[in-house]
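Enquirer: when you get a sec, could you give me coordinates for this:
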Amino acid sequence: MSASYGVFLYLLVDFVAAQTTTHTNVTVNTLSTCVKSNSSCAQCLHDASCLWCESSQQCMDYPVHFIVPPSSLCPVNDARWGLCWVNLKVVLITLTSLAGLVLLALLVCCMCCCCRRRRQQQISDDGEVLRAEQKTRERIARQKERRMEMQLRHDKIRQKYGLTKDPPYSRLDDKK
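Expert: Got it, this is the predicted structure:
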């Protein structure tokens, strides 16, 4: 199975390289190793750059200018590449399906990670708000304590020097 992935990558690189130069017709190179191994499918597919045509019983160079070889060269249902017992159509469908599943899995993983981060950020934001509220309450409580202590100190000083405050209702009586 891993050999077929290596062959797929080899063809993909050849395809990308072939796209940089434009060729309009497909020809079989008679000097290649594929033509020399015309005896059987297994012998032909030993080389990753070869394509076996079941209907014509011929081994030929894989046309790297096209993803799928043209039907004039070999029908897709009769073309074999990588494995003799699987036609090229099945290999291409399987590989594209696997690539789609991998992309879908990556997309789902990314979505899950993003959602998890949002939840964690929301929790941390809520925690920061709660901490800020708690600090505010503590600050107000300390302020009240300091005011009470200051008021007690002032009252002691007033008592010491006899400057006690008049009862709050005495002022009202003086104004009448």
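
Enquirer: in the chain, which residue is most central in space?
Expert: Centrality entry for the chain: nearest residue to the mean C-alpha point is Cys110, 4.2 Å, by C-alpha atoms, centre = their mean.

Enquirer: so what's it scoring on pLDDT?
Expert: For Cys110, the pLDDT comes out at 91.

Enquirer: which of the helices or strands spans it?
Expert: helix 88-160 (DSSP states H and E).

Enquirer: and Val64, helix, strand or coil?
Expert: coil (DSSP: H, G, I helix; E, B strand; the rest coil).

Enquirer: what's the separation between it and Leu73?
Expert: 12 Å (C-beta to C-beta, to the nearest Å). No exception for glycine: its C-beta is placed from N, CA and C like everyone else's.

Enquirer: again, but for Leu101
Expert: 30 Å.

Enquirer: same check, this time on Trp52
Expert: 12 Å.

Enquirer: okay, the two: which has more neighbours?
Expert: Neighbours around Trp52 and Leu73, counted as other C-beta atoms under 10 Å, are more numerous at Trp52. The numbers are 27 against 19.

Enquirer: just list the residues touching the more buried one, thanks.
Expert: Contact analysis of Trp52 by C-beta atoms under 8 Å, 6 or more residues apart in numbering lists Cys41, Cys44, Leu45, Gln58, Cys59, Ala79, Arg80, Trp81, Cys84.

Enquirer: does the second one touch Cys50 like I think?
Expert: Meaning Cys44. Yes - assessed by C-beta atoms under 8 Å, Cys44 is found in contact with Cys50 at 5.0 Å.

Enquirer: and these two? which has more neighbours close in?
Expert: Between Cys44 and Cys50, counted using other C-beta under 10 Å, the more crowded position is Cys44 (25 against 22).

Enquirer: give me the phi and psi for that one.
Expert: Main-chain torsions, Cys44, degrees, to the nearest 10: phi -70, psi -50.

Enquirer: any idea how many residues pack against Cys59?
Expert: Cys59: 26 surrounding residues under other C-beta under 10 Å.
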